[in-house]
Structures are given as structure tokens and as C-alpha cells.
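K.L.:
Sequence plus predicted model, see below.
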2 protein chains.
Amino acid sequence: MARPRTHDEALRLRLLDRAGELISADGPKALSLRKLAAEAGTSTTAVYSLFGSKPDLVNALYMEGFRRFGARMASVARSGDPVADLVALGAAYRTSALADPHLYAIMFTKSVPGFEPNEEAEKLARSSLEPLQEVISAAIAAGIFVDVPAETIAVSCWGIVHGLVSLELTGNLPDEFSVGGAYETALRANASGWLRP
Amino acid sequence: MARPRTHDEALRLRLLDRAGELISADGPKALSLRKLAAEAGTSTTAVYSLFGSKPDLVNALYMEGFRRFGARMASVARSGDPVADLVALGAAYRTSALADPHLYAIMFTKSVPGFEPNEEAEKLARSSLEPLQEVISAAIAAGIFVDVPAETIAVSCWGIVHGLVSLELTGNLPDEFSVGGAYETALRANASGWLRP
DNA sequence: CGCGATTGGTAACACTGTTGCGATACGCTC
DNA sequence: GAGCGTATCGCAACAGTGTTACCAATCGCG
């Protein structure tokens, strides 16, 4: 047929790696296809033949981020006490976010203009929150939490966790505010609010 | 002296107005200085003499957004019941965000690459949350809320509100999920978690 | 009336994502 | 083995961006 392809799976992974590094080092603004291609020893064409466009490349990063994130969430041990478990899941969420803030920014805020996760990516993102749903459903079934839709509680928990973490990451919190300590207190208070009286 | 200046306060306001419209219509990505200048009947130089740079223009938008936002928050009536008041403040927060999602994105997420709010803007942003702090401090002083630093509770409330709203705005919530109803429930549960037992 | 100073638009610069074209480099056929 | 066909990839052009240097325009004052 033709010349042997060098735009293969290995290059795909190398590009994803480099893209993550570039974003982690200098933020999403610093991710340029030309720079990326040069660092990976190829040309911009590689990105287009392997991913389709820059937003598609970011989509791949997005999915990679959620895969790691989902793994961390799934590995959190369950104690049977739903409040403690929710606090532990929240801690894992924060740990994951702080481990790679820029990747987190791609995953949860619109930090790359023009990027929207596609159907598959959104499905993966939702599935990474399943542990949360499980803990809550079990607590409702056991009569520990009030009998509202599990989704309501899940979104509430996700909301406070995501809100606190993103406020922390974007530097919107007062400097003298120690996040670590208050974080757990806030999560516990929030979870306790769903306890059956 | 020299020719009369046309890069005056009136043009400054017109540019801010147009910039807000452009962002609200097509998102932060669509805000181009050339387009903005053309629509305002001037040249890109105007932005540089009036604002300094594009990030500085966005900073002015940021402050304008927080001025409106602060006004809405300050106009929320107090009932004396801190849980009800926090829910009402949260509702105002969401109303404000939904009224102009793109402005909200500028204010609370890093949706414009390269933009960081300056000192003055951050101070203004913090001051818009004072009503929250007041309600909480009063509730602690009255012995209704537990005796933790008011800031801890304030950040928790801000977190859950910001988290839920930003998840709603970025479309991260499941489609069949009715935000309106669950929002109030979640806020009430969160606030109740701080009640003195 | 013309000089001087100040103001603002034009155009260049360096960069971006994207795309078409042409050079490349292989397997197959003669 | 030589040449052809074709899949493949890199270069360069295109349209757009933010930013800045320069030069023309425009007024008050002498």
C-alpha cells in the first residue's frame, strides 16, 4: 500500500501524556498544537489524524482524567456508616482534584474554550460517581437517611464537594482559611442533614 | 493641547455593555477585541487605552458582575430563622447566576484563559457575600448554630450553592434531574446540619 | 497661520487552530 | 529489479487572535 504509519497508538499516548504535562505546567492556555507536536517530535497533522481537532484531544484528556478519578473513588473503603463514608468519598474527591488541578479544571469547569465533552465522555464521568450513589441508596434502604430520591442526596453531596474544591482551586477562598480542617466538618454537617430524625 | 479624546467614559461603558452582550450571546470564546471594537464603532486601540488589555477588560466585567450580584444578595429579606435565610440567599445566588450564565462563568470559573481577577476585584467579590456571613454570625451568637468559626459555615454554604449552580450550568447534572426542587431541599439539609443539637 | 503636542486608527508582529496540497515512502505488478 | 499506485505525513497557506509600534489626524496656543 503506502508508507508505514507513524501516527499510531504509541504516538497517541505520547501526545496525551505531553498534553497533560503542558496543561499541568502552565495551564490550559499553554496547550498549543504546534508546541505539542514539536515536543512529541511530530507535526500538527498527527493531532488531526489521531484525534480530529483540539477539542477532541481535550476530550480524550477529559476521559483519561475521569478514568483515574473513578478509580480513586472506587477504591475508597466502606465502613457501613454512611456519613463517614460520604466524608471519605469527599476526601478522595479532593485528593484527586489537588493531585492534578489542571486536569480537574478540564473535567469540571469550562477551562478550554470550545470544548464540550461528548456523549461517551459524559457517560464515563457519571459512572465515576457510582460509589456515591451506592452509599446513599444503601443508607436510604437501611432507614438511616430520609426517604428522598437518592439522586437528590447524591447531587447535594457532589455539589458541596465540587463547590468547595473548585473554590479552593480557583483561589476564591480567603487566604487565612484552612481548607483541610473545615472541609471535613462541612461534609459531615451536610451529610448529617440527611439523617432520619 | 491636542485633539479631543473620544476614548472617554461613555465609550468605556459602551464597550463593557457590548462585551457582555457578545459573551452572553456566544460565550467567552466569541469575545474578540476586533469584533468588539467594530461593533462599538472604534478601533482596538480603545480597549488598550481604556482598559489596558483583554484580561483587564474581563476584569472590569468581573467587577460589574459582582456589583449586580452583591446587590441581589443584599436585597434578600431576613426572617430571623437562619436556615430559611440561608435557603433564601442560596435561591438569590442561583437566580443571579441563571440570569446571566456567561457572566457567572467569568465570575466563578476560569472561563477566559489568561484572566485573573486583581486585588480590588477579589475584594469586591468577597464583600458581595457579606449577607451570608451576617446571617451565620447572628445564628451562632444566638446559640442556634453550633459554635464553630462563622467562616467555616459560610464557606460550606457557599460551596454547596456554587457547586450545585456550576454543575447545573455546565450541564453536568443528569437530564431528568429537576434542579429547582432538589436545590432547596439540599440547601435546607446542609444548613440544618449546623443546628445546635 | 503654523507649530507642538496629544490622541487614535492602521498595520505589522507573533501566535493560534485548521486545512489543502505536495512530497514521501512503501507494496505490488510487470 | 524498475516503476507505478496509493496511503501517509509534513509543510505552508489561511483566517483569525491579542498586542504594539508607528504615523496621521486634530486640536489649542503663540
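P.N.:
Okay, I see it. Since the model is a prediction, treat every value here as computed from it, not as a measurement.
K.L.:
Any stretches of chain A with poor pLDDT?
P.N.:
For chain A, applying pLDDT under 70 flags the ranges A:1-2, A:172-178.
K.L.:
Would you state the strands of it in chain order?
P.N.:
Assigned by DSSP state E, the strands in chain A number zero.
K.L.:
Quickly list the domain ranges of chain A.
P.N.:
A:1-52, A:65-192 (automatic domain parsing).
K.L.:
Which of those domains sits closest to chain B?
P.N.:
Of all these, domain A:65-192 sits nearest to chain B, with 2.6 Å by Cβ to the nearest Cβ. All C-beta spots, glycine's among them, are computed from the backbone N, C-alpha and C.
K.L.:
how about the closest one, does it get close to chain B?
P.N.:
Yes: with Cβ under 8 Å from any Cβ of the partner chain as the measure, domain A:65-192 is seen reaching chain B through A:105, A:108-111, A:113-114, A:125-126, A:148-149, A:151-153, A:155-156, A:158-164, A:166-167, A:170, A:172-174, A:177, A:182, A:185-186, A:188-192.
K.L.:
Make a PyMOL selection of whichever of those residues turn out to be buried.
P.N.:
To isolate the buried subset of the residues of domain A:65-192 next to chain B in PyMOL, counting by 16 or more other Cβ atoms under 10 Å in any protein chain shown, use the following:
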select buried, chain A and resi 105+108+109+110+111+113+125+148+149+151+152+153+155+156+158+159+160+161+162+163+164+166+167+170+172+173+182+185+186+188+189+190+191+192
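K.L.:
Tell me which of the residues of domain A:65-192 next to chain B fall in helices.
P.N.:
Among those, DSSP state H puts A:105, A:108, A:125-126, A:151-153, A:155-156, A:158-164, A:166-167, A:182, A:185-186, A:188-192 in helices.
K.L.:
that older thread, of all the domains of chain A, which one is nearest B:Asn59?
P.N.:
Closest of the domains of chain A to B:Asn59 is domain A:65-192, at 14.5 Å (criterion: Cβ to Cβ).
K.L.:
Distance from the chain centre to the closest one, please.
P.N.:
Chain-centre distance of domain A:65-192: 9 Å, with Cα atoms, centre = their mean, to the nearest Å.
K.L.:
So is it next to DNA strand D?
P.N.:
No: judged by Cβ under 7 Å from any atom of the strand, domain A:65-192 and DNA strand D are separated, with a smallest distance of 10.5 Å.
K.L.:
and the end-to-end length of that domain?
P.N.:
End-to-end distance for domain A:65-192: 30 Å, by Cα to Cα, to the nearest Å.
K.L.:
can you check stretch A:72-79 too?
P.N.:
End residues of stretch A:72-79 are separated by 16 Å (Cα to Cα).
K.L.:
in it, what counts as buried?
P.N.:
Under the neighbour-count criterion of 16+ other Cβ under 10 Å, stretch A:72-79 has A:Arg72, A:Met73, A:Val76 buried.
K.L.:
if I read this right, the first one contacts A:Ala92, doesn't it?
P.N.:
When you say that, I think you mean A:Arg72. Yes: if you go by Cβ atoms under 8 Å, A:Arg72 and A:Ala92 touch, sitting 5.1 Å apart.
K.L.:
Buried ones in stretch A:89-96, by neighbour count?
P.N.:
For stretch A:89-96, a neighbour-count test (16+ other Cβ under 10 Å) marks A:Leu89, A:Gly90, A:Ala91, A:Ala92, A:Tyr93, A:Arg94, A:Ser96 as buried.
K.L.:
Touching stretch A:127-139 from outside, list them.
P.N.:
A:66-67, A:69-70, A:73-74, A:76, A:78, A:82, A:85-86, A:89, A:145, A:150-151, A:153-154, A:157-158, A:194 (Cβ atoms under 8 Å, 6 or more residues apart in numbering or on different chains).
K.L.:
what about stretch A:50-58 and DNA strand C, any contact?
P.N.:
Yes: legend: contact between stretch A:50-58 and DNA strand C by Cβ under 7 Å from any atom of the strand is shown at A:Ser53, A:Lys54, A:Pro55.
K.L.:
one step back: quick check: of the buried residues of stretch A:72-79, which lies closest to DNA strand D?
P.N.:
Proximity of the buried residues of stretch A:72-79 to DNA strand D (Cβ to the nearest atom of the strand) peaks at A:Arg72, which lies at 35.0 Å.
K.L.:
list the contacts for that closest one?
P.N.:
With contacts defined as Cβ under 8 Å, 6+ apart, the neighbours of A:Arg72 are A:Ala92, A:Thr95, A:Ser96.
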